[in-house]
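Peer 1: Build me a model:
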Amino acid sequence: MFKNHGHLDLSKETMTLVISSDIENLLVNEIFTLLGIQKSELENDLEVIRTLGKLTAKKVIVLNQDKMMENAKIWEKIRDLKEDVLFVLDTFGKTDLRLLFENLVTQSYRFSHFKSKDKVRNYGIHYVSSTNLDEVIKEAIIIGEAINKVKELVDTPYNHLNAKKLAEHALTLKELENVEVNVYGKRECETMNMGAFLGVNKGSKDEPQLIHIRYKGNNASNEITALVGKGVMYDTGGYSLKTSTGMPTMKCDMAGAATVLGALEIIAKSKFKANVDIVIAATDNKIGDDAIVPDDILTAANGTTIEIISTDAEGRLTLADALWFAQKEGATKLIDIATLTGAVVAALGKEYTGAFTNNQAFLNELMNISEKTKEKLWQMPITEGYRKELKSYAADLRNSGTSRTAGASVAAAFLEKFIENNRPWIHLDIAGTAFDEKTGGSGIMVKTLAEFFR
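Peer 2: Numbers count the residues shown, from 1 in each chain. Next comes the predicted model:
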C-alpha cells in the first residue's frame, strides 16, 4: 500500500503533509515563504492551507507533533481527505518517526471490500531527512500493515471467512523465512482425542482446522513461547443461544486468532531472535443435529472430562485443547488471547484488556511492553474461590461457573486447569478491546505481543 521515495517533490499534484516540532526548520520555512504564511498564523493542532496555485500541490497540512499521536480526530480528518499522496517532512527523532509512519499506515485503514463506491486508496510516502530512515520506515510499515491485516480478518464476515479460509491465510505465512505451517483437519484432531475442540465443532457443516505455525528464530535456545489464539469464526452461542442483540458482531470472536497471526507476521518479517509457536483451534459454534447441549460431558485431549453448563462458553473448550497441543509441541511459556467473556467487558469496558497469570514475573514483562505500546492491560485475579465455581459432581469440572458473577476470572481458572507443570502462562481477555461496533476491529495487542520478542 505504501511506497517511500526519500524525497520531497512539490511539482506533482498532491497534498503536502508537514509534521513539525521545529517550525523554523529550513524546508518547512521555505514552503511557508512560498505560501506567505507566518508561524504566528498557525493556531490549531491541524491546519489545512490551500496553496492557491503557488504550489502544484493543492493543499498543505501542518500538524502539531506533540498532539498528533494521541488525537484520533486528526487522523480521521487526514484519512477522509480525497488526495492520493502524502508528502511527509521529517523534522524530529527516529522514535517518533517510526510511530508516525506506523500511524500513517494503520490510520489509513478502511474496511471497504463490500462497498461499491468507497474503495481503498493507495498512498505514497515521501520524506526528507538528514539521516537514513529506510530501516525505521520499513519496520513501521511491517507493523502497520500487520495490524491492518488483523483488522481486515476481524472485520470480514463469516460467509467470507470460515475456519478453512483462515487456515488458507495461515498457510501463506510459510513463505516467510524460518516459518513452518501445518494445518490439521477433523480426522487428525480425532486421532489426538481433542474432544473439547471437536465438541464445539459438532454443530458445524465446516471441518475444524487446527493451525500450527512454528517460527524458529533462535537455534541456540530451547525456549519456545506459544501464542494461542481463540479462533471461533462465528459464535451463535449454540443451543445456549445468544439474543438478537448479542449475536451481531460475533464475526469478531476469532480476534484472538487474527491477533497471533499478525504478531507472527511482524516477528518473522523483522527476524526477531526468538522461537515462537502459533496455535489456533478454528471452528464456528452453531446449532445443528449433532451439536452439543447443556449436560453433555466432553473429554479434552489431556483426559479431563468437562460437564457442559453453557454451550455459549465454547471458546475455553477450544483453547483447552489448543493449550494442550502447544505444550505437547514443546512450548515452555504460553500466552493465550481470546474474546472470551462478556464479564471482562462489564469489569473493564473497552479501555483495558484483562490479564491473568500463574507467573507474576512473566506478566510483569508483558505489562512493561504494553506500557510502551500504549495497549493497556489490567491484571485480574484467579483464586481458589473462582476455581471452586468449576466443581462438578458429574465430571472433572464444569465449563461455566455456578453463579453469574466474576465470569472472566472463572473462565481464566478453567484455562489454568490445562496448564501443565505450572508452566509460565498468561491469559489475555480482549472481549472489550478487540472490536468496536462503529469502527470494527482494533488490532489491539498485536504490537505488544510482537514487541515482547524484540
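Peer 1: which residues in the stretch 151-300 of the chain form helices?
Peer 2: Using DSSP state H, counting those that start in this stretch, the helices of the stretch 151-300 of the chain run over 163-172, 186-191, 195-201, 255-269.
Peer 1: Give me the three-state assignment for the closest residue to Ala347 other than its chain neighbours.
Peer 2: What sits nearest to Ala347 in space, not counting adjacent residues and going by C-beta to C-beta, 6 or more residues apart in numbering, is Ala408, at 6.2 Å. Every residue, glycine included, has its C-beta placed from N, CA and C. The three-state assignment at Ala408 reads helix, by DSSP: H, G, I helix; E, B strand; the rest coil.
Peer 1: and Ala408, what does it touch?
Peer 2: Neighbour list for Ala408: 340-341, 343-344, 347, 354, 356, 380, 429 [criterion: C-beta atoms under 8 Å, 6 or more residues apart in numbering].
Peer 1: Could you check how far it is from Met247?
Peer 2: 20 Å (C-beta to C-beta, to the nearest Å).
Peer 1: on that earlier part again, so can I have CSV of the helices of the stretch 151-300 of the chain showing distance to Val232?
Peer 2: Converted to CSV, the helices of the stretch 151-300 of the chain look like this (distance: least, C-beta to C-beta, whole Å):
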stretch, distance to Val232
helix 163-172, 9
helix 186-191, 15
helix 195-201, 7
helix 255-269, 8
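Peer 1: Tell me which residues are up against stretch 430-437.
Peer 2: Contacting residues not belonging to stretch 430-437 are listed as 154, 249, 252, 255-256, 259, 337-342, 344-345, 348-354, 441-442, 444-445 [C-beta under 8 Å, 6+ apart].
Peer 1: just stretch 165-174 next, same as before
Peer 2: Contact with stretch 165-174 is made by 153, 179-181, 183, 209, 211, 213, 231, 233, 254, 257, 261, 264-265, 268, 278, 280, 282, as judged by C-beta under 8 Å, 6+ apart.
Peer 1: next one: stretch 420-428
Peer 2: Contacts of stretch 420-428 (C-beta under 8 Å, 6+ apart): 256, 302, 327, 331-338, 340, 353-359, 361-363, 366, 377, 412, 415-416, 419, 445.
Peer 1: If you count neighbours, what's buried in that stretch?
Peer 2: Under the neighbour-count criterion of 16 or more other C-beta atoms under 10 Å, stretch 420-428 has 423-428 buried.
Peer 1: quick check: domain ranges of this structure?
Peer 2: For the chain, automatic domain parsing gives the domain ranges 2-132, 153-451.
Peer 1: ok, back up a step: dump the buried residues of stretch 420-428 into CSV; add pLDDT and distance to Arg316 as well.
Peer 2: What follows is the buried residues of stretch 420-428, written out as CSV (pLDDT from 0 to 100; distance: C-beta to C-beta, whole Å):
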residue, pLDDT, distance to Arg316
Arg423, 98, 18
Pro424, 98, 20
Trp425, 99, 14
Ile426, 99, 15
His427, 98, 10
Leu428, 99, 13
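Peer 1: Most widely separated two among those residues?
Peer 2: The distance between the two most remote of those (C-beta to C-beta) is 16.2 Å, for Arg423 and Leu428.
Peer 1: Figure out which of the helices of the stretch 151-300 of the chain is closest to Val136.
Peer 2: Nearest of the helices of the stretch 151-300 of the chain (C-beta to C-beta): helix 255-269, 14.7 Å.
Peer 1: name the element Ala355 belongs to?
Peer 2: strand 353-357 (DSSP states H and E).
Peer 1: Show me the contact partners of the helix or strand just after that strand.
Peer 2: Per DSSP H and E, the first helix or strand lying C-terminal to strand 353-357 is helix 360-373. If you take C-beta under 8 Å, 6+ apart as the criterion, helix 360-373 is touched by 333, 335, 355, 357, 376-377, 379, 424-426, 445, 447-448, 451-452.
Peer 1: same question, stretch 181-189
Peer 2: With contact meaning C-beta under 8 Å, 6+ apart, stretch 181-189 is reached by 167, 170-171, 173-174, 192, 197-198, 201, 207-214, 321.
Peer 1: Quick check: end-to-end length of it?
Peer 2: For stretch 181-189, the first-to-last residue distance is 16 Å (C-alpha to C-alpha, to the nearest Å).
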